[in-house]
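*Asks:* How does the following fold in three dimensions:
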Amino acid sequence: MWKIALFLIFTLIAVPVFTFMYDEPLNDAQWNTMKTLLWVYGIAALVTFVVSVITDNYSQVDKLWSIIPVPYVWIIAYQSGFEPRLSLMAILVSIWAIRLTFNFARRGGYSWKFWTGEEDYRWSILRAKPGFEQQWKWVLFNFFFISAYQMALILMFTLPALKAMGSIEPLGWLDYGLAAAFLALVMMEFVADQQQYNYQQEKYRRKKAGEDLGEYYGVGFTHTGLWGIMRHPNYAAEQSIWIVFYFFSVVATGHWINWSIAGCLLLVLLFVGSSDFSESISKEKYPLYDRYMKSVGRFIPLKGKFKV
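*Replies:* Residues are numbered from 1 along each chain as shown. Sure thing, here's the model as predicted:
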């Protein structure tokens with residue numbers, strides 16, 4: 001995991017620098033806005049790190065994942081004088097945030113004591129793996145990867161809004177098409193999360209009541225609906241949402257590639273690594289998961305269907 005984390009941190013630096021070198025520099029208004037965004041990022045990353053160390057709960061970034069993009073994009077929209085395209089982008093991100101925050105909250109992610117709440121089960125498993133035996137190693141991993149890297153990534157995948165700032169290209173049918181695609185992907189993510197939530201709720205209800213799980217719930221993991229054609233439909237939708245968001249900057253600039261593409265590219269890398277780790281855990285927990293992996297595509301429905 002250390003190698004993966006170091007690779008991701010390297011790409012966080014290398015990819016933006018490389019893409020920025022081959023693009024137009026930021027104008028004064030964009031630079032001033034970027035400074036404000038970096039202040040917000042720095043404070044948020046520091047707070048998540050300090051709170052996680054004090055409370056020994058390392059899901060502090062998870063609590064902000066669906067929330068902090070909203071102030072980022074609305075700061076950009078405000079600094080632009082609420083340009084129509086940026087206002088549309090900010091509204092779309094707000095809709096995405098409401099849905100994802102609701103899903104995280106109903107799974108116990110938040111508490112009236114904001115520093116508590118359910119911790120992602122993967123952090124405790126990761127801490128028990130070789131490489132984190134000494135506390136200082138975990139503290140460094142928490143600081144550089146969990147807090148600094150992930151919070152930086154959240155900022156970066158919202159930066160197509162900054163790239164679109166000041167565009168002379170008027171809001172048009174391409175923007176509305178992207179907005180429709182964005183909302184469709186939000187709906188896909190909602191359906192995937194709801195299918196998983198329903199399955200897990202009923203599975204644990206039966207376990208608690210001492211009822212027979214039967215063949216369907218005895219599998220142990222969601223494997224029908226969208227999950228029957230993709231192993232991670234929610235992840236697929238999440239990545240696609242921010243790729244679509246990037247294309248607003250393409251419409252605004254008229255260039256297919258610009259430096260703000262770094263955010264969605266790095267997000268894809270993060271989800272590949274995250275799904276690898278999650279699936280390694282699932283294979284140990286569920287006897288049928290290996291067959292599920294061989295039958296169903298990870299993010300794209302290229303394989304067949306899973307049959308119990």
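*Asks:* Hmm, residue 204 and residue 213 touching each other?
*Replies:* No - look at residue 213 against residue 204 with C-beta atoms under 8 Å: they stay out of range, at 10.2 Å. In short, each C-beta sits where N, CA and C put it, glycine included.
*Asks:* which regions of this structure sit below the pLDDT cut-off?
*Replies:* With pLDDT under 70 as the threshold, the chain has low-confidence stretches at 1-22, 112-117, 119-121, 123, 133, 308.
*Asks:* Geometric centre of it: which residue is closest?
*Replies:* For the chain, the residue nearest the mean C-alpha position is residue 238 (6.2 Å; C-alpha atoms, centre = their mean).
*Asks:* so what's the backbone phi/psi at that one?
*Replies:* phi -60, psi -50 (degrees, to the nearest 10).
*Asks:* Find the helix or strand that the closest residue to it other than its chain neighbours is a member of.
*Replies:* Leaving out its chain neighbours, the residue that sits closest to residue 238 by C-beta to C-beta, 6 or more residues apart in numbering is residue 189, at 6.1 Å. The secondary structure element spanning residue 189 is helix 173-209 (assigned by DSSP states H and E).
*Asks:* That helix - contacts with which helices or strands?
*Replies:* Helix 173-209 is packed against helix 84-106, helix 214-218, helix 233-253, with contacts defined by 3 or more C-beta pairs under 8 Å, 6 or more residues apart in numbering; DSSP states H and E.
*Asks:* and that helix with helix 84-106, angle?
*Replies:* In terms of direction (axes from the mean of the first three to the mean of the last three C-alpha atoms, to 10 degrees), helix 173-209 departs from helix 84-106 by 0 degrees.
*Asks:* picking up where we left off before, same list (the helices and strands packed on helix 173-209) but as CSV, adding distance to residue 140.
*Replies:* As requested, these are arranged in CSV below (distance: least, C-beta to C-beta, whole Å):
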stretch, distance to residue 140
helix 84-106, 27
helix 214-218, 41
helix 233-253, 27
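*Asks:* closest one to residue 48 among those helices?
*Replies:* helix 84-106 (14.8 Å; C-beta to C-beta).
*Asks:* List the buried residues for that closest one?
*Replies:* Within helix 84-106, the residues scored as buried using 16 or more other C-beta atoms under 10 Å are 85-90, 92-93, 96-97, 99-101, 103-104.
*Asks:* wait, what's in contact with the residue nearest to residue 238?
*Replies:* Residues near residue 189 by C-beta atoms under 8 Å, 6 or more residues apart in numbering: 99-100, 233-234, 237-238, 241.
*Asks:* Residue 220 too?
*Replies:* If a contact means C-beta under 8 Å, 6+ apart, then residue 220 has 203, 285-286, 288-289 as its contacts.
*Asks:* Quick check: it is in a strand.
*Replies:* No - for residue 220, which was evaluated using DSSP: H, G, I helix; E, B strand; the rest coil, the result is coil, with no strand membership.
*Asks:* mind checking how far it is from residue 274?
*Replies:* Taken as C-beta to C-beta, to the nearest Å, the spacing of residue 220 relative to residue 274 amounts to 20 Å.
*Asks:* Same question for residue 198.
*Replies:* For residue 198, the distance to residue 274 under the criterion C-beta to C-beta works out to 23 Å.
*Asks:* for residue 206, same thing?
*Replies:* Plainly put, residue 206 is 29 Å away from residue 274 if you go by C-beta to C-beta.
*Asks:* Likewise for residue 299?
*Replies:* From residue 299 over to residue 274 (counting by C-beta to C-beta), the distance is 12 Å.
*Asks:* Which one of those two is surrounded by more residues?
*Replies:* Under the neighbour definition other C-beta atoms under 10 Å, residue 299 and residue 274 were set side by side, and residue 299 has more, 19 against 14.
*Asks:* I am finished for the moment; much appreciated.
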